[in-house]
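Visitor: Here is a sequence with its predicted model. Questions after.
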Amino acid sequence: MISERLWDILADSFLKILIPGITVTIPLTVISFTLAIVIAVVTALIQFAQIKVLKQIARFYVWVIRGTPLLVQLFIVFYGLPGIGIVLSPFPAAVIVFSLNEGAYASETIRAALESVPRGQMEAGYCVGMSYLQIMRRIVLPQAFRTAFPPLSNSLIGMVKDTSLAANITVAEMFMSTQRIVARTYEPLALYMEVGLIYLMFSTVLTKLQRIGERKLGAYEQQERTAVQMTGVRRMRRRGLGR
Amino acid sequence: MLEIKNIHKKFGASEVLKGVDISVNRGDVVAILGPSGSGKTTLLRCINFLEKADRGTLIFDGEEFALERITKKDVARLRRKTAFVFQNYNLFRNRTALGNVTEGLITARKMSEQEAERIARRALDKVGMSERCDYYPNQLSGGQQQRVAIARALATDPEIIYFDEPTSALDPELIGEVLAVMRQLAEEGMTMLVVTHEMNFARNVSSQVIFMENGVVVEQGSAKQMFEEPRMARTREFLGTTANR
Ligand SMILES: Nc1ncnc2c1ncn2[C@@H]1O[C@H](COP(=O)(O)OP(=O)(O)OP(=O)(O)O)[C@@H](O)[C@H]1O
Ligand SMILES: [Mg+2]
């Protein structure tokens, strides 16, 4: 049974958890993910275009990041770097780690998407006189982006949840706030479930956005249906005029 | 107008082109025939720099280029005068039929959008695709896609169009519509170099026929001569068997 006291704690804590969610978790995610995509596109393009030395560096970066735990990376940057004189505040430290971490994973997604664009697309571009950069920008990247969109959306949802790890380096995000309330009230089960529900809310919104985005991007696949509908309408109209 | 001399190409250890010479005059429709693996596609790709030839000379409008060390600038310049139609169409998947034709005009030729669209609509009209301007490639049949690809080639106003087996990815009932467009172009005097397995096209539409095998040209002659009195026994055998298939 949920006692009245527990209800009060839950109701009282809801905003205390949600507000850091809105002021810390979401900005942390949005900033980190945006930077991650920039890093990922650059890293993927370097490899796709086979740029010599840079390609080695890109591979090394991806190898190191993917081969070590996120929590360890957070600790190295926040607790380790001060040892060599680099002291970072918790939030920037978290942004650096999350963007570098996600950048490595997302670069592999984007690289695979780039490679999935048939060679013929590029060759056709060359044959109508386009330059490498024009073809990349107008033909290959848009197609790759569309392929990469669903897996990148998944990564974004993953990142919202992973930001809870930042509590370990004293970032006052949702999970950290929950822990504080638990320490005061000794109601771990209810409170951790409450914060879990809030994460679930955030993820659900993102999943919905992903659907909308996919529908928009799917233009040149799904228009099949609308085009057929359109010709149907046109035909009907013509017939109507004929009568 | 176009002359290729002594073109060589190896893939690893296998020599695919072993010194091929061909020449195409303005207004010619040259059909390249030959068994699978004889190097026809490779030849076209080398001529349009999609593949780098190991050795050879290309003479275009009297200007001579060494294929093994041609500069990017010359490649770009030559590509402005040529167009390529692929076996599997290679339409830009993220562009409509109209967008496929305007893309190169706008980006490579720096045309205004209206100008490009005007030219594109004319080209699409010519191949009978003006009704389908707003369709994406995956909403079009193979034959329709190939006709859009031909419109894309035409729109750049090329001096010569290279075709690599333009009908061999098509269902039999769709081949006719593409060949009809090509025949029309031939009649209008477009210069074309066509790799094909369509014997009727080679015989009735092309002016010259080149027979290739194992990376060399076995015989070249007028379509009439090649089909009616080929000099080489091998040509007779190949054209005889495939024509009667
Ligand atoms: N990129 C490549 N790498 C290695 N070998 C290749 C490559 N492209 C072609 N080849 C080889 O070169 C030879 C000639 O191929 P090509 O495609 O030019 O023949 P083709 O005359 O066009 O044949 P088809 O009538 O089947 O299209 C073949 O043996 C093929 O395996
Ligand atoms: Mg071929």
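Guide: Thanks, I have it. Numbering: from 1, shown residues only, chains lettered A, B, ... in the order given. Ligands and ions are numbered 1, 2, ... in the order given.
Visitor: C-alpha from now on. contacts and neighbour counts both.
Guide: Fine.
Visitor: Any stretches of chain A with poor pLDDT?
Guide: A:1, A:219-243 (pLDDT under 70).
Visitor: Spatially central, which residue of it would that be?
Guide: A:Leu156 (2.4 Å; C-alpha atoms, centre = their mean).
Visitor: Make sure that residue is actually in contact with A:Ser32.
Guide: No. A:Leu156 is beyond contact range of A:Ser32, at 9.8 Å (criterion: C-alpha atoms under 8 Å).
Visitor: Quick check: which element contains the residue nearest to the centre of chain A?
Guide: A:Leu156 belongs to helix A:141-162 when assigned by DSSP states H and E.
Visitor: Find the closest residue to ligand 1 in chain A.
Guide: Nearest to ligand 1, among the residues of chain A, is A:Arg119, at 11.6 Å (C-alpha to the nearest ligand atom).
Visitor: Could you report the neighbour count for that residue?
Guide: Neighbour count of A:Arg119, defined by other C-alpha atoms under 10 Å in any protein chain shown: 11.
Visitor: same deal with the one 10 residues further on?
Guide: Counted with other C-alpha under 10 Å, the neighbours of A:Gly129 add up to 27.
Visitor: Next: B:Ala233.
Guide: Neighbour tally, B:Ala233, other C-alpha under 10 Å: 9.
Visitor: With B:Ile160 instead?
Guide: If you count neighbours by other C-alpha under 10 Å, B:Ile160 ends up with 24.
Visitor: Who is it paired with across the strands?
Guide: Beta bridges link B:Ile160 to B:Thr82, B:Thr191 when assigned by DSSP bridges.
Visitor: Can you give me the first-to-last residue distance of stretch B:163-175?
Guide: 14 Å (C-alpha to C-alpha, to the nearest Å).
Visitor: is ligand 1 contacted by it?
Guide: No. No part of stretch B:163-175 sits close enough to ligand 1 to count as contact by C-alpha under 6 Å from any ligand atom; the gap is at least 7.4 Å.
Visitor: For stretch B:210-220, measure first residue to last.
Guide: 4 Å.
Visitor: Next up, phi/psi of B:Lys10, please.
Guide: When quoted as degrees, to the nearest 10, the phi and psi of B:Lys10 stand at phi -120, psi 140.
Visitor: isn't it right next to B:Gly39, touching?
Guide: No. The pair B:Lys10 / B:Gly39 is not scored as a contact, 10.4 Å apart, by C-alpha under 8 Å.
Visitor: quick revisit: and the helix holding A:Leu156, what does it pack onto?
Guide: Applying 3 or more C-alpha pairs under 8 Å, 6 or more residues apart in numbering or on different chains; DSSP states H and E, we find helix A:141-162 packed against helix A:26-48, helix A:90-116, helix A:188-217.
Visitor: Pull out the buried positions in it.
Guide: Across helix A:141-162, burial judged by 16 or more other C-alpha atoms under 10 Å in any protein chain shown covers A:141-150, A:152-153, A:155-157, A:159-161.
Visitor: ok so, going back, of B:Lys10 and B:Gly39, which one has the most company?
Guide: Counted by other C-alpha under 10 Å, B:Lys10 and B:Gly39 do not tie: B:Gly39 has more neighbours, with 23 against 15.
Visitor: wait, what's in contact with the more buried one?
Guide: B:Val16, B:Leu17, B:Met212, B:Glu213, B:Asn214, B:Gly215 (C-alpha atoms under 8 Å, 6 or more residues apart in numbering or on different chains).
Visitor: Check the offset of the helix or strand encompassing A:Ile57 from the chain's centre.
Guide: Using DSSP H and E, the element containing A:Ile57 is helix A:52-66. Distance, stretch centre to chain centre, for helix A:52-66: 21 Å (C-alpha atoms, centre = their mean, to the nearest Å).
Visitor: Okay, buried residues for that helix please.
Guide: Buried positions in helix A:52-66, judged by neighbour count with 16+ other C-alpha under 10 Å: A:Lys55, A:Ala58, A:Arg59, A:Tyr61, A:Val62, A:Ile65.
Visitor: Which two of these have the greatest separation?
Guide: Among those, the pair separated by the greatest distance (C-alpha to C-alpha) is A:Lys55 and A:Ile65, at 15.5 Å.
Visitor: Let me know how buried A:Leu165 is, in neighbour terms.
Guide: A:Leu165: 17 neighbours (other C-alpha under 10 Å).
Visitor: burial count for the residue lying closest to it once chain neighbours are set aside?
Guide: Using C-alpha to C-alpha, 6 or more residues apart in numbering or on different chains and skipping the chain neighbours, the partner closest in space to A:Leu165 is A:Leu71 (6.8 Å). As a burial measure, A:Leu71 scores 14 neighbours (other C-alpha under 10 Å).
Visitor: Write out the residues of chain B neighbouring ligand 1.
Guide: Near ligand 1, when you scan chain B using C-alpha under 6 Å from any ligand atom, you find B:Phe11, B:Val16, B:Pro35, B:Ser36, B:Gly37, B:Ser38, B:Gly39, B:Lys40, B:Thr41, B:Thr42.
Visitor: Could you identify the most distant pair in these?
Guide: B:Phe11 and B:Pro35 (18.5 Å).
Visitor: Comparing the two, which residue is more hemmed in?
Guide: Neighbour count, other C-alpha under 10 Å: between B:Phe11 and B:Pro35, B:Pro35 has more, with 14 against 9.
Visitor: I'd say the more buried one and B:Glu213 touch.
Guide: Yes. Using C-alpha under 8 Å, B:Pro35 is in contact with B:Glu213, at 6.5 Å.
Visitor: Helix or strand with the lowest mean pLDDT in chain B?
Guide: The helix or strand of chain B with the poorest confidence is helix B:233-243; it has a mean of 80 (mean pLDDT, DSSP states H and E).
Visitor: where's whichever helix or strand B:Gly221 is part of relative to the chain centroid, distance-wise?
Guide: Using DSSP H and E, B:Gly221 sits within strand B:216-222. In this view, strand B:216-222 has its centroid 18 Å away from the chain centroid, taken as C-alpha atoms, centre = their mean.
Visitor: got the angle for it vs helix B:233-243?
Guide: Here strand B:216-222 points in a direction 70 degrees away from that of helix B:233-243 (axes from the mean of the first three to the mean of the last three C-alpha atoms, to 10 degrees).
Visitor: got the contact list for the helix or strand that strand B:216-222 is followed by?
Guide: Once strand B:216-222 ends, the next helix or strand along the chain (criterion: DSSP H and E) is helix B:223-228. For helix B:223-228, contacts defined as C-alpha under 8 Å, 6+ apart pick out B:Ala202, B:Arg203, B:Asn204, B:Ser206, B:Ser207, B:Gln208, B:Val209, B:Gln220, B:Thr235, B:Arg236, B:Leu239.
Visitor: rerun that using 6 Å as the cut-off
Guide: If you take C-alpha atoms under 6 Å, 6 or more residues apart in numbering or on different chains as the criterion, helix B:223-228 is touched by B:Arg203, B:Ser207, B:Gln208, B:Val209.
Visitor: which secondary structure elements does the strand holding B:Gly221 contact?
Guide: Applying 3 or more C-alpha pairs under 6 Å, 6 or more residues apart in numbering or on different chains; DSSP states H and E, one finds that strand B:216-222 contacts strand B:208-213.
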